[in-house]
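**Student:** Below are the sequence and a predicted model for it; my questions follow.
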Amino acid sequence: MIADVSKSDKIVVEKSTVPVKTAEAIEKILTHNSKGINYQILSNPEFLAEGTAIEDLFKPDRVLIGGRETPEGRKAVQALKDVYAHWVPEDRILTTNLWSAELSKLAANAFLAQRISSVNAISALCEATGANVTEVAYAVGKDTRIGPKFLNASVGFGGSCFQKDILNLVYICECNGLPEVANYWKQVIKINDYQKSRFVNRVVSSMFNTVAGKKIAVLGFAFKKDTGDTRETPAIDVCKGLLGDKAQISIYDPQVTEDQIQRDLAMNKFDWDHPMHLQPTSPTAVKQVSCVWDAYEATKGAHGLCILTEWDEFKTLDYQKIFDNMQKPAFVFDGRNIVDPEKLREIGFIVYSIGKPLDAWLKDMPAVA
Ligand SMILES: NC(=O)c1ccc[n+]([C@@H]2O[C@H](COP(=O)([O-])OP(=O)(O)OC[C@H]3O[C@@H](n4cnc5c(N)ncnc54)[C@H](O)[C@@H]3O)[C@@H](O)[C@H]2O)c1
Ligand SMILES: O=c1ccn([C@@H]2O[C@H](COP(=O)(O)OP(=O)(O)O[C@H]3O[C@H](CO)[C@@H](O)[C@H](O)[C@H]3O)[C@@H](O)[C@H]2O)c(=O)[nH]1
């Protein structure tokens, strides 16, 4: 513990995403064990995203430093500011009070996730009306007040941060007697869950209302491209949904190991959020799941193919070769909108792309159970 080993005054910096007022708890613990040493607690939340961590570190949109509004607090903030000033322009280093810094991190992730749930909600309406979500998102994002980023409709957001941080925000709202605000943010997660189950329903209803005994190839298991991280990946819920209807699944991801996939699919929801030592020791492998190291192997003999991560290599696969080796009718369900549905239809596939005008085959099939 910091208090045990400190021999002089210290600045303690929170980098992790924490509930608002965590700095106060840290401050109290350290002060009560201080033996005359002074501690300044700063909140300096981390904003990097996986897959772009180094870029984000060197060229951050902003660095946020929160501290106590006392002379000692301001001095500590300035000391950390001086460290960042070595490579970050000064106008990008924001200083605030402690609680604003802690809350801003949660709010930023909630706003980002909210954009995805907003566009995903619109994607369902696009499918019902014949609008195209890519065109709608482009038109909406052209308004400079809204902006074009983070408006890609998908099978759902994943990753270790968004759901956890929104639940954190919801909890803080409830603790502060703000149930309406809590419910507002909960809805972002509900739409995300809806989007994943909507995707599974599309697969099942398109394939004659059952996938039992059918081989479904899954391309991509990570929660986004350029990472092997599977925490909260939508692929877990989609695969579990398909397994629930007794599909045989063959998974290929360029970076996720078979061991990780088996572990994720064998565990109960939320178990994978626990530290390693609290997770079930050796979950039994899910027999209906095989993991292969090649997209062509995964799709060989398959009835349907689901794209669940937007890996670049999936954009340039030889889809004619894939079609030739699949059962017919051959289905593609693109959960990331990375393939050209028209080109794939020309090959002979029946194609579902999130929020895009529906294939004639899919038109009368229900999107939700
Ligand atoms: N991963 C990212 O891209 C990212 C980006 C910005 C901020 N963050 C934040 O940084 C923090 C760490 O994220 P990470 O991705 O490195 O997570 P991680 O799961 O890789 O690391 C967390 C560590 O904390 C340990 N841990 C968890 N619960 C514990 C407990 N109760 N007692 C003792 N140890 C415990 C885990 O064993 C693990 O070693 C989180 O607050 C996260 O929100 C992460
Ligand atoms: O338009 C979009 C953008 C993203 N996603 C999905 O959203 C999830 C999260 O993506 P992203 O935010 O790029 O990755 P993270 O590494 O989770 O980074 C987020 O979470 C981090 C941890 O708090 C923050 O530091 C980052 O700023 C914040 O972007 C992934 O499943 C993406 O596929 C979409 O579906 N559509």
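**Tutor:** It's in. Residues are numbered from 1 along each chain as shown. Ligands and ions are numbered 1, 2, ... in the order given.

**Student:** got a list of contacts for stretch 157-175?
**Tutor:** Outside stretch 157-175, the residues that touch it by Cβ atoms under 8 Å, 6 or more residues apart in numbering are 17, 19-20, 50, 105-107, 109-110, 112-113, 116-117, 179, 181-182, 185-186, 188-189, 192, 223-224, 229, 231-235, 273. All C-beta spots, glycine's among them, are computed from the backbone N, C-alpha and C.

**Student:** ok, and which of these reach ligand 2?
**Tutor:** Counting by Cβ under 6 Å from any ligand atom, 17, 50, 109, 112, 116, 223-224 from those sit close to ligand 2.

**Student:** Mark which of the contacts of stretch 157-175 are buried, thanks.
**Tutor:** Neighbour counting by 16 or more other Cβ atoms under 10 Å classes 17, 20, 50, 105-106, 109-110, 112-113, 116-117, 182, 185-186, 188-189, 192, 223-224, 229, 231-235 among these as buried.

**Student:** Please spell out the segments of the stretch 1-150 of the chain that come in under the pLDDT threshold.
**Tutor:** Counting by pLDDT under 70, not a single residue of the stretch 1-150 of the chain qualifies.

**Student:** how about the residues of it near ligand 1?
**Tutor:** Residues of the stretch 1-150 of the chain lying near ligand 1 (Cβ under 6 Å from any ligand atom): 16-17, 46, 48, 50.

**Student:** follow-up on the earlier one: in TSV, list the ones next to ligand 2 among the contacts of stretch 157-175 along with secondary structure.
**Tutor:** Formatted as TSV, these follow (DSSP: H, G, I helix; E, B strand; the rest coil):
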residue	secondary structure
T17	coil
E50	coil
N109	helix
L112	helix
I116	helix
F223	coil
K224	coil
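
**Student:** Which of those residues lies at the shortest distance from D82?
**Tutor:** Comparing these against D82 with Cβ to Cβ places T17 closest, at 24.2 Å.

**Student:** can I assume the closest one is in contact with K105?
**Tutor:** Yes. Judged on Cβ atoms under 8 Å, T17 makes contact with K105 at a distance of 5.2 Å.

**Student:** Could you pull out the residues contacting both of the two?
**Tutor:** Common neighbours of T17 and K105, using Cβ under 8 Å, 6+ apart, are 45-46, 165.

**Student:** Find the nearest non-adjacent residue to R62, please.
**Tutor:** Nearest non-adjacent residue to R62, counting by Cβ to Cβ, 6 or more residues apart in numbering: R92, 5.0 Å away.

**Student:** For burial, what's the neighbour tally of the one you found?
**Tutor:** R92 sits with 14 neighbouring residues when counted by other Cβ atoms under 10 Å.

**Student:** ok, it to K81 distance?
**Tutor:** 11 Å (Cβ to Cβ, to the nearest Å).

**Student:** show me where this structure has helices.
**Tutor:** With DSSP state H, the ranges of helices along the chain come out as 2-5, 22-32, 53-58, 71-84, 98-129, 133-141, 162-175, 179-206, 234-244, 258-266, 295-299, 319-324, 341-347.

**Student:** Could you name the helices and strands sitting against the fifth one?
**Tutor:** In terms of contacts (3 or more Cβ pairs under 8 Å, 6 or more residues apart in numbering; DSSP states H and E), helix 98-129 is packed against helix 22-32, strand 39-43, strand 63-67, helix 133-141, helix 162-175, helix 179-206.

**Student:** Show me what from the stretch 101-250 of the chain comes close to ligand 2.
**Tutor:** Residues of the stretch 101-250 of the chain lying close to ligand 2 by Cβ under 6 Å from any ligand atom are 109, 112, 116, 150-152, 154, 157-159, 161-162, 223-224.

**Student:** For A302, give me phi and psi.
**Tutor:** Note on A302: its backbone torsions stand at phi -80, psi 150 [degrees, to the nearest 10].
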